[in-house]
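# Got a predicted structure plus its sequence, pasted below:
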Amino acid sequence: MLNSGDFMLGTSEPSIRILKNDFTESKEISGGHQKTVFGLAAFPDGSAVISAGRDARLQLLKKNPAGNWDITE
């Protein structure tokens with residue numbers, strides 16, 4: 001789950017960046033998409049996020065007990 005006030009941003013690197021509410025980067029998630037990440041949708045309970053990329057793939061990101069985001073296809 002994201003910390004209160006944090007948000008995710010898809011980029012053209014391609015990666016997903018987690019930013020704090022003051023716009024400083026707290027984490028970068030890469031390796032899931034091969035082209036621009038242009039869509040992100042969070043589960044209502046904050047347990048997972050679905051990302052959509054220009055590579056025509058959807059990825060499921062789940063936060064593991066260690067606090068890292070695991071990427072699945």
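Yep, that arrived.
# For residue 15, give me its contacts.
Residue 15 makes contacts with 28, 29, 30, 37, as judged by CB atoms under 8 Å, 6 or more residues apart in numbering. From N, CA and C alone the C-beta is placed, and that goes for glycine too.
# Next, count neighbours for the second one.
Read it as residue 29. Using other CB atoms under 10 Å, the number of residues around residue 29 comes to 20.
# Next up, identify which helix or strand it is on.
strand 25-30 (DSSP states H and E).
# Give me the buried stretch members for that strand, please.
Of the residues in strand 25-30, residue 29 count as buried by neighbour count, 16 or more other CB atoms under 10 Å.
# what is the rounded mean pLDDT of the following helix or strand past that strand?
Per DSSP H and E, strand 25-30 leads on to strand 37-42 as the next helix or strand towards the C-terminus. For strand 37-42, mean pLDDT rounds to 92.
# which residues are in contact with strand 37-42?
Strand 37-42 is contacted from outside by 2, 8-12, 14-16, 48-54, using CB under 8 Å, 6+ apart.
# strands paired with the helix or strand of the chain at the bottom of the mean pLDDT ranking, and their directions?
Lowest on mean pLDDT, DSSP states H and E among the helices and strands of the chain sits strand 69-72, with a mean of 84. Sheet pairing of strand 69-72 (DSSP bridges) gives strand 58-63 (antiparallel).
# how about low-confidence regions in this protein?
Per-residue confidence for the chain (pLDDT under 70) gives these ranges: 1, 73.
# Mind checking which residue lies nearest the centre of it?
residue 16 (4.6 Å; CA atoms, centre = their mean).
# That one and residue 10 touch, don't they?
Yes - if you go by CB atoms under 8 Å, residue 16 and residue 10 touch, sitting 5.7 Å apart.
# Next, show the common contact partners of these two.
What both residue 16 and residue 10 touch, as defined by CB under 8 Å, 6+ apart, is the set 37, 40, 51.
# Contact partners for the nearest residue to the first one once chain neighbours are set aside?
Going back to what we said before, that points to residue 37. If the residues on either side of it in the chain are set aside, residue 37 comes closest to residue 10, at 3.1 Å by CB to CB, 6 or more residues apart in numbering. Residue 10 makes contact with 16, 36, 37, 38, 39, 40, 51, 53, according to CB under 8 Å, 6+ apart.
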